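*Asks:* Dropping the sequence and predicted coords here.
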Amino acid sequence: MKILIFLLLSTFSLPLLAERLFDIEVIIFKHNTPNDQIEEQWADTPPALSLSGALAVSNRSALERAGVQILPKSDWKLGNIYSKLAQNKNYTPLVQLAWRQVDGDRTQMPKIRISDGNDFASRYNQDGTAIEGLSQQSSPLLTLDGFLQVYVQHYLFVNADLILREEVQRKIPKPLEEVRVSPSRTEREAQLEQQLDIYSQRNFQEIDQSYESTDLESEMTASDFIWEDFLRTYELKENRRMISGDIHYIDHPKLGLIIQARRAS
């Protein structure tokens, strides 16, 4: 009889363990610090953002099948933090969102797509350059895009990949034929070309090693550059362990992510 009771209790306890629930709440905001006050050097090439398999917040039925339920504002707990960010001129809140989910592992829990803001697809190409003429762009280029994934692998983790797009002015050199190059450099390059012709069939080590290639930009003046509209992309990519109930802050020079995972009652 004792063995039978133990088996019955074990049978009923397994679903209870599997149904452990967490409420996840996030705030994503933008830093308003001017780019010229940030030491970070940004690449012009946009990062590769993979949204394969990510479920949009609006796709409630698919999220529910994956064990995620979007929560109403009445269940949000971090509204005071959002309000403080909104009142501070150094920050611009972009998104506040909360959902309830089961405690699946990384292979089970869905990536939740987070997107908001303007769509720049009518004015910019995927590489950030401005569109000339009629737009052929089909994929959206939203101000904020990416995904969040919260899962349990012995501990709680958040897997975040978010990008922020921002219109900036980018300085680029004029076409080479329009750039004024110093005569000394032109003459020296002509001498090198002559040497290359002479030694083309010989050992290239004989070429005058006194010639050192210099950075063309260092010999260019301000009039040799132009400014163009450019859509720069910044990426916040992080995988971090969390403690249930604690408020975690993931920082970035342009983006901020505040996230809390708490046990659902």
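*Replies:* Here it is on my side, so go on.

*Asks:* Please enumerate the strands of the stretch 1-150 of the chain.
*Replies:* 21-31, 55-56, 68-70, 91-102, 112-113, 116-119, 142-153 (DSSP state E, counting those that start in this stretch).

*Asks:* With just CA atoms, put the first one into CSV.
*Replies:* What follows is strand 21-31, C-alpha atoms only, in CSV (Å, rounded to 0.1, in the frame of the first residue of the first chain):
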residue,chain,number,x,y,z
LEU,A,21,5.7,29.5,-14.3
PHE,A,22,7.6,32.8,-14.5
ASP,A,23,6.5,36.3,-15.2
ILE,A,24,9.0,38.2,-17.4
GLU,A,25,8.9,42.0,-17.7
VAL,A,26,11.2,44.0,-19.8
ILE,A,27,11.9,47.7,-20.6
ILE,A,28,14.1,48.6,-23.6
PHE,A,29,15.3,52.2,-23.9
LYS,A,30,17.6,54.4,-25.9
HIS,A,31,20.5,56.4,-24.6
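
*Asks:* Run through the protein and note the low-pLDDT ranges.
*Replies:* 1-18, 135-137, 176-223 (pLDDT under 70).

*Asks:* in what helix or strand does the residue lying closest to residue 40 once chain neighbours are set aside lie?
*Replies:* Excluding its sequence neighbours, the residue lying closest to residue 40 (CB to CB, 6 or more residues apart in numbering) is residue 253, at 4.9 Å. Backbone N, C-alpha and C define where each C-beta goes, glycine included. Under the criterion DSSP states H and E, no helix or strand holds residue 253.

*Asks:* quick one: residue 253 and residue 109, what's the gap?
*Replies:* 29 Å (CB to CB, to the nearest Å).

*Asks:* Which of those two has more residues huddled nearby?
*Replies:* Counted by other CB atoms under 10 Å, residue 253 and residue 109 do not tie: residue 109 has more neighbours, with 20 against 15.

*Asks:* Tell me how many other residues surround the residue nearest to that one when sequence neighbours are not counted.
*Replies:* Of all residues not flanking residue 109 in the chain, residue 151 sits nearest, at 4.3 Å (CB to CB, 6+ apart). The local packing of residue 151 (other CB under 10 Å) involves 20 other residues.

*Asks:* quick one: residue 151 and residue 68, what's the gap?
*Replies:* Going from residue 151 to residue 68 by CB to CB gives 11 Å.

*Asks:* Give me the common contacts of those two.
*Replies:* Taking CB atoms under 8 Å, 6 or more residues apart in numbering as the criterion, residue 151 and residue 68 both touch residue 109.

*Asks:* burial of the closest residue to residue 101 other than its chain neighbours, as a residue count?
*Replies:* Distance criterion CB to CB, 6+ apart; nearest residue to residue 101, sequence neighbours excluded, is residue 68 at 4.7 Å. With neighbours defined by other CB under 10 Å, the count for residue 68 comes to 22.

*Asks:* residues contacting residue 68?
*Replies:* Applying CB under 8 Å, 6+ apart to residue 68 gives the contacts 55, 99-101, 109-110, 112.

*Asks:* PyMOL command for the buried members of those?
*Replies:* Burial among the contacts of residue 68 is assessed by 16 or more other CB atoms under 10 Å; the matching PyMOL selection reads:
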select buried, resi 55+99+101+109+110+112
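
*Asks:* Return the member of the contacts of residue 68 nearest to residue 25.
*Replies:* Using CB to CB, residue 99 comes nearest to residue 25 of these, at 8.2 Å.

*Asks:* The closest one reaches residue 24, doesn't it?
*Replies:* Yes: the criterion here is CB atoms under 8 Å, and residue 99 meets it with residue 24 at 5.5 Å.

*Asks:* would you list every one of the helices in the stretch 151-265 of the chain?
*Replies:* 183-199 (DSSP state H, counting those that start in this stretch).

*Asks:* what about the strands in it?
*Replies:* Using DSSP E, counting those that start in this stretch, strands in the stretch 151-265 of the chain cover 155-173, 225-242, 247-251, 255-263.

*Asks:* which of these is buried the deepest?
*Replies:* The highest mean neighbour count among the strands of the stretch 151-265 of the chain, using mean count of other CB atoms under 10 Å, belongs to strand 255-263: a mean of 19.

*Asks:* what comes into contact with that one?
*Replies:* In contact with strand 255-263 (CB under 8 Å, 6+ apart) are residues 20-31, 77-78, 81, 91, 148, 150, 156, 158, 160, 162, 164, 234, 236, 238, 242, 244-250.
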